[in-house]
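Peer 1: following is a predicted model, sequence given first.
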Amino acid sequence: LDVARGVLMNYSELQFILAEAAQRGLITGDAKTYYENGIRASFEFYGLTLPAGYLQQQGVAFEAGKELELIGEQKWISLFYQGMEAWFDWRRT
């Protein structure tokens, strides 16, 4: 039996989904923690080392009032090479 191989959802995507849900008050949990876990998992998935200070730099740091925008942007970056998922998510938001 031939099976198509691919990634349906990786850990970073799950963490960004949880971050968005927590930020919207749909689940309990810390949105910032999920967000930062998503970024770390994305770097790890691609075999990259997270640069020192990356999570604290402007445009990445979890900033009040911009949380959903930041979550969406980092999720979009993490979905690079994941087929149409990034486009679908951009259209959803």
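Peer 2: Perfect, thanks for sending it.
Peer 1: where do the helices of this structure begin and end?
Peer 2: 11-23, 31-45, 67-78, 85-92 (DSSP state H).
Peer 1: which helices and strands sit right next to the longest one?
Peer 2: For helix 31-45, the contact count by 3 or more CB pairs under 8 Å, 6 or more residues apart in numbering; DSSP states H and E identifies helix 11-23, helix 67-78 as packing neighbours. Every C-beta, even on glycine, is put in place using the N, C-alpha and C of the backbone.
Peer 1: now tell me what touches that helix from outside.
Peer 2: 10-16, 18-20, 22-23, 49-50, 54-55, 60, 62, 67, 70-71, 74-75, 77-78 (CB atoms under 8 Å, 6 or more residues apart in numbering).
Peer 1: in that helix, what counts as buried?
Peer 2: Residues 31-32, 34-43, 45 are the ones in helix 31-45 that count as buried (16 or more other CB atoms under 10 Å).
Peer 1: by how many degrees do that helix and helix 11-23 diverge?
Peer 2: Interaxial angle of helix 31-45 relative to helix 11-23 (axes from the mean of the first three to the mean of the last three CA atoms, to 10 degrees): 170 degrees.
Peer 1: using PDB, list the CA coordinates for helix 31-45.
Peer 2: Below are the C-alpha coordinates for helix 31-45, written out as PDB (Å, rounded to 0.1, in the frame of the first residue of the first chain):
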ATOM      1  CA  ALA A  31      -0.700  32.900  25.400                       C
ATOM      2  CA  LYS A  32       2.800  34.300  25.700                       C
ATOM      3  CA  THR A  33       4.200  30.900  26.700                       C
ATOM      4  CA  TYR A  34       2.400  29.100  23.900                       C
ATOM      5  CA  TYR A  35       3.700  31.800  21.500                       C
ATOM      6  CA  GLU A  36       7.300  31.500  22.600                       C
ATOM      7  CA  ASN A  37       7.100  27.700  22.500                       C
ATOM      8  CA  GLY A  38       5.800  28.000  18.900                       C
ATOM      9  CA  ILE A  39       8.700  30.100  17.900                       C
ATOM     10  CA  ARG A  40      11.200  27.700  19.500                       C
ATOM     11  CA  ALA A  41       9.600  24.700  18.000                       C
ATOM     12  CA  SER A  42       9.600  26.300  14.500                       C
ATOM     13  CA  PHE A  43      13.400  27.000  14.700                       C
ATOM     14  CA  GLU A  44      13.900  23.400  15.900                       C
ATOM     15  CA  PHE A  45      11.700  21.900  13.200                       C
END
